[in-house]
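J.: Mind looking at a prediction? Sequence and model below.
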Amino acid sequence: MNVIVILIVIIVLALVLYGASYFLKKKHYHKIDELENRKLSLTEIPVIDEINKLKKLQLTGQTEKSFKEWEKVWRNIATVHFPDIENYLFDAEQATDRMKLVKAQQAEDAATKLMDDTQVSIDKVQAALKKLIQSEEENRLEIKKTQEIYQNIRKKLLTQSFSFGGALENLERRLTYLELDFTKFSELTTSGDHIEAREVLERVATDTAELDRVVGLVPTLLKTLTVDVVDQVTELKEGHAQLLAENFVFLDNDIPAEIKTIEENSEAAKSLTETCEVDEAKKMVQDIETNIDKLYDLMQDEIDAKAFVNDQQKMFEDYLTHVIGNNRKLLIEIDRVAQSYTLNHDELEAAKGIETELDTLKTSFDNFMEDSKNNQVVYSVLADFFEETGDKLTEIEEKQQSINSGLLHLRKDEMEARKKLDEYEFEMRAMKRYVEKQHLPGLPEEYLDLFFSTTKRIEELAQQLNKLKVDMKEISRLCFMCQDDVTLAKEKTEEIVDSALLTEYMMQYANRYRHSNESIADAIDSTLRLFNKDYRYQEALETISTALELVEAGAYKKVEDNYYADKKINQ
């Protein structure tokens, strides 16, 4: 029995091993087939066709050297890499047949790595060969484009030679140098050295583009310098001479010297243009044009300034005279008002300061007018004086109006203060009659002090208003104080009268409990003493109302409501 089991186990293991070996061998054969197909793909890349095409071009120089280097790389791939790959695949297949699967895997990995490296090398070779093939076509297209520019330059120099002036010889010399480079390019291309031909072509293209730029600038610069600038300088000279004849004066500007500098710079720029130093010449021309514009602007400013002065002179003079006249009137008004009022805002000093400022402006104006008569005035300076002084005169006039307005308000403020004085006196008399009407036994000392101090303050206000020279600043201060005092006196008067009358109401109400409640009787006695002897009406009210509340809750509120209801009816 045991022998049978062992045999079965051996058979099963044998079957498993056979199955596993079959599966692994099949996997390796499949991998080898894939690698074989990849190898065939590499060998079928048409690198040799491109090599043969380049051989027919009869390359020389740098191009030939580059071609040979890449051809050598390809030969190495074809004679070394491909056979090595084939050997690795053969070894892998042999090892798989013999079940040496580890060795088979190593051979497969080696073949894979070598094919990866070979693919990279082939890609580089192909790219380099294509570049060599394309270099001829690219050079041909680029040289055609450059030659078109060159021919256009030559045509311009032949047909428009007059517009290049002294620069023509220099430009033709540079054109000759380009011809030599074109010849060299043709020789290199014919000989098959397309790489070195490319280097020459790049230089020729750059030089041609630069020459084309210079050829485009030279006529414009020369026209500007020999025609436009010359015409403008002539116009500046004639214009300046005419302005001098019309008695114009220019401030700190030597126009003839500046014109001479422009002429000298123009000649220098022309020389730079003729030597084809166009960038420096262009910058000089820009500076020349800027300086010409400045001179035009300078002369135009004086022309415009004269027109402005002629138009504004009468108006300005009238305005100055008007403001000076106003200041004289203001000083007279200040003197008149100062006889009746104390001036607290330095009105006189301000008006005198304005007078001094106006005298200075008048002197400057008179000097300008004298210079104008003698043909010595710079109109732009005079125009600035008119504008700046006009603004100053406006500010001065506003100050004058502010001072004058303050003077006018003094009388108005005085009348307002007198009106308030009458109101204060009336209110104090009314308070006195109101208190007397209540027939109170007397008044608290502090109330009398307040009443009499308020009366005294009002009398002080009246005295200030009756002075020969009224100080409105002091009057305003007293008015504010009187207003506060009268308001407080009215409040205290109402408080005393209300307390006194309400106390009487409370005692009348409390009399109903006087004979039945001893505390009420005592409270009434205390209240009468505070009321009739001490005149402390608020304490009297508190005394009787407190006692009454203890006997009859809510009695104080009831009596108070009745009092204010009666007061409202009697008002």
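T.: Thanks, I have the structure now.

J.: Pull the number of nearby residues for Arg154.
T.: 15 (other Cβ atoms under 10 Å). C-beta: built from backbone N, CA, C; applies to glycine.

J.: Could you check the pLDDT of it?
T.: pLDDT for Arg154: 73.

J.: Can you tell me how far it is from Val278?
T.: Plainly put, Arg154 is 19 Å away from Val278 if you go by Cβ to Cβ, to the nearest Å.

J.: How many neighbouring residues does Gln313 have?
T.: Using other Cβ under 10 Å, Gln313 is surrounded by 16 other residues.

J.: from now on call the first residue 722
T.: Happy to do that; since the first residue is 722 now, the last one works out to Gln1034.

J.: I'd like to know which elements the host helix or strand of it is packed against.
T.: Gln1034 is part of helix 999-1059, with elements assigned from DSSP states H and E. Applying 3 or more Cβ pairs under 8 Å, 6 or more residues apart in numbering; DSSP states H and E, one finds that helix 999-1059 makes contact with helix 915-944, helix 950-966, helix 976-995, helix 1068-1094, helix 1100-1158.

J.: would a markdown table of the ones you listed with mean neighbour count and distance to Asp1032 be doable?
T.: Output for the helices and strands packed on helix 999-1059, formatted as a markdown table (neighbours: other Cβ atoms under 10 Å; distance: least, Cβ to Cβ, whole Å):
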| stretch | mean neighbour count | distance to Asp1032 |
| --- | --- | --- |
| helix 915-944 | 18 | 41 |
| helix 950-966 | 14 | 19 |
| helix 976-995 | 17 | 25 |
| helix 1068-1094 | 15 | 14 |
| helix 1100-1158 | 15 | 10 |
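
J.: Would you mind giving these as JSON lines with mean pLDDT added?
T.: Formatted as JSON lines, the helices and strands packed on helix 999-1059 follow (pLDDT from 0 to 100):
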{"stretch": "helix 915-944", "mean pLDDT": "71"}
{"stretch": "helix 950-966", "mean pLDDT": "88"}
{"stretch": "helix 976-995", "mean pLDDT": "86"}
{"stretch": "helix 1068-1094", "mean pLDDT": "89"}
{"stretch": "helix 1100-1158", "mean pLDDT": "91"}
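
J.: and of these, who's closest to Ala1242?
T.: helix 1100-1158 (30.3 Å; Cβ to Cβ).

J.: following that closest one, which helix or strand shows up next?
T.: Counting by DSSP H and E, the element that comes right after helix 1100-1158 along the chain is helix 1166-1186.

J.: Just the pLDDT at the residue nearest to Tyr1234 when sequence neighbours are not counted, thanks.
T.: Excluding the flanking residues, the one nearest Tyr1234 by Cβ to Cβ, 6 or more residues apart in numbering is Ile1241, at 4.2 Å. The model reports Ile1241 with a pLDDT of 90.

J.: just Ala1286 next, same as before
T.: If you check Ala1286, the pLDDT there is 87.

J.: neighbours around it, how many?
T.: Residues lying near Ala1286 (other Cβ under 10 Å) number 10.

J.: can I see the domain layout of the chain?
T.: Domain assignment for the chain by automatic domain parsing gives 723-856, 967-1126, 1159-1291.

J.: Please produce CSV containing the ones you listed, extended by distance to Lys1140.
T.: Output for these, formatted as CSV (distance: least, Cβ to Cβ, whole Å):
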stretch, distance to Lys1140
domain 723-856, 110
domain 967-1126, 17
domain 1159-1291, 10
